[in-house]
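J.: below are the sequence and a predicted model for it; my questions follow.
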Amino acid sequence: MKARSILFWIGAAVFLVAVAAMTHFVRNEYPFFAGYVILQFIVLAVAWSILGGYAGYVNFGTSAFFGLGVYTAVFLSKATGAPLAVQIAAAAIVGALLGFAVGLVTLRMQGIYFSIATIALTIIIETTVTNWRFVGGAAGIQMQRPPVMPPFHSYVQMLFFVQALLVVLAVTIARYTQISWMGRGLQALKDDELAAECTGVPTLRLKVLACVISGALMCAAGAPAAMYLQYADPSSAFNLNYSVSVLAMSLIGGTAHWVGPVLGAILLGTTQQLLAVTISSEANVLVLGVMLVLFVVAAPEGLIGLIRRIGRNRAGGRA
């Protein structure tokens, strides 16, 4: 376990060094625009898996938390001119508070009822923001980027690096959650919640804690989006495509391990970006649906399950 932890931190350090080097040696801005979106989806997919994967509660409220993170940053930027770091930290706090409230109210529900409640959450928050004129209302709001901070050459490069830091943070939290007592408890309630309660597992407390962590990470991932696009409007920030895409990425990668959502987000996010520049962004939804159906039928445990199955087959063949 200790050796794995060392390898994990070495991998995280190499990843951040590679991202930092990329901002210095790549002069074309498009890789940073596309890479930011992929990194953003990695954070969202990993955050979703903490509740949706480990605990088995299918959450369609990703767009609610993401959009709230966007508008937390918009509000702070307009009201106080707060720097990006403060916007992200505040968005994480707001997301954690919303996750706590939503957890207490909805996590006593199970199955489809919980999923419907999370969709309703998105609609409620979007309607509220749509009627809030201070942050632009239904018409949206233009955002003015502040001067870029050294050592970066452009603001998009800086946002790319910031999102990479959020990826490391999200993956670290998801990894620790999986291997800790919390992960074991979430797995127990996923397998059989009633049996877990009977054996003393604090199921409601674990679910609320998972919702708090997941919500904080999702909101934090959404906070830089307003400066990335230099514009924010409710229909885009709270678009249900975020919820559907993140769900598909997690299922395609596999929810049994923290690596699964990362692989799913990279695969699907990269495919969508390539389609957007070669065919049309409208093809993204079609590809998402086709890939999801293929994986549900051929590899219901996702890429992680497929890799494990191939490994077992090879080991059985050698035996």
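T.: Nice, I can see it. Residues are numbered from 1 along each chain as shown.

J.: how about the helices of the stretch 51-200 of the chain, start to end?
T.: For the stretch 51-200 of the chain, the helices identified by DSSP state H, counting those that start in this stretch occupy 62-79, 84-106, 112-130, 155-179, 181-191, 193-198, in order along the chain.

J.: what's the least confident stretch among these?
T.: Taking the mean pLDDT of each of those, the lowest value is held by helix 193-198, a mean of 82.

J.: any idea how far V259 is from L68?
T.: 28 Å (Cβ to Cβ, to the nearest Å). C-beta coordinates here come from the backbone N, C-alpha and C atoms, glycine included.

J.: which one of these two has more residues nearby?
T.: When neighbours are counted by other Cβ atoms under 10 Å, L68 comes out ahead of the other of V259 and L68, with 28 against 19.

J.: if we can go back for a sec, most tightly packed of the helices of the stretch 51-200 of the chain?
T.: The highest mean neighbour count among the helices of the stretch 51-200 of the chain, using mean count of other Cβ atoms under 10 Å, belongs to helix 62-79: a mean of 26.

J.: you'd agree A164 is up against L16?
T.: Yes. Counting by Cβ atoms under 8 Å, A164 sits close enough to L16 to count as a contact (6.2 Å).

J.: show the pLDDT at H257.
T.: 82.

J.: kindly list the main-chain dihedrals of it?
T.: Here the main-chain torsion angles of H257 (degrees, to the nearest 10) amount to phi -140, psi 150.

J.: that one and I304 touch, don't they?
T.: Yes. Counting by Cβ under 8 Å, H257 sits close enough to I304 to count as a contact (5.1 Å).

J.: so if I had to pick from those two, which one is more boxed in?
T.: H257 (23 against 20).

J.: distance check, the more buried one against W132.
T.: 40 Å.

J.: what is the burial count for the nearest residue to F65 once chain neighbours are set aside?
T.: Nearest-residue entry for F65: M218, 3.6 Å, with adjacent residues in sequence omitted and distances by Cβ to Cβ, 6 or more residues apart in numbering. When neighbours are defined as other Cβ under 10 Å, M218 has 33 of them.

J.: tell me who's in contact with M218.
T.: Taking Cβ atoms under 8 Å, 6 or more residues apart in numbering as the criterion, M218 is in contact with V43, L44, A47, W48, T62, F65, F66, G69, G95.

J.: please repeat the previous calculation with a cut-off of 6 Å.
T.: Contacts for M218 (Cβ atoms under 6 Å, 6 or more residues apart in numbering) come out as L44, A47, F65, F66, G95.

J.: ok, so what distance separates the third one from N28?
T.: When you say that, I think you mean F65. Looking at F65 against N28, where the rule is Cβ to Cβ, the gap reads 32 Å.

J.: next: L104.
T.: As for L104, its distance to N28 is 47 Å (criterion: Cβ to Cβ).

J.: repeat for T278
T.: 17 Å.

J.: same deal with L107?
T.: As it turns out, when the distance is counted by Cβ to Cβ, L107 lies 45 Å from N28.

J.: again, but for L159
T.: 16 Å.

J.: what's the answer for L84, then?
T.: Plainly put, L84 is 23 Å away from N28 if you go by Cβ to Cβ.

J.: could you do V86 as well?
T.: Look at V86 and N28: by Cβ to Cβ, they are 30 Å apart.

J.: one more: F152?
T.: Following Cβ to Cβ, the distance that separates F152 from N28 is 15 Å.

J.: those two: which has the busier surroundings?
T.: Looking at F152 and N28 with other Cβ under 10 Å, you find the greater number of neighbours at F152, namely 18 against 7.

J.: and the residue nearest the centre of the protein?
T.: Averaging the C-alpha coordinates of the chain gives a centre point, and the residue nearest to it by Cα atoms, centre = their mean is L44 (0.5 Å).

J.: so what does the helix or strand containing that residue touch, helix or strand wise?
T.: Assigned by DSSP states H and E, L44 falls within helix 30-52. Applying 3 or more Cβ pairs under 6 Å, 6 or more residues apart in numbering; DSSP states H and E, one finds that helix 30-52 makes contact with helix 155-179, helix 203-222, helix 241-253, helix 259-278.

J.: show me which residues of the third one are buried.
T.: For helix 241-253, the neighbour count (16 or more other Cβ atoms under 10 Å) marks Y242, S243, V244, S245, V246, L247, A248, M249, S250, L251, I252, G253 as buried.

J.: quick one, what contacts G61?
T.: Counting by Cβ under 6 Å, 6+ apart, G61 touches T118, L121, T122.

J.: can you do 10 Å?
T.: Taking Cβ atoms under 10 Å, 6 or more residues apart in numbering as the criterion, G61 is in contact with 48, 51, 68, 98-99, 102, 106, 114-115, 117-122, 125, 211, 214-215, 218, 240, 242-243.
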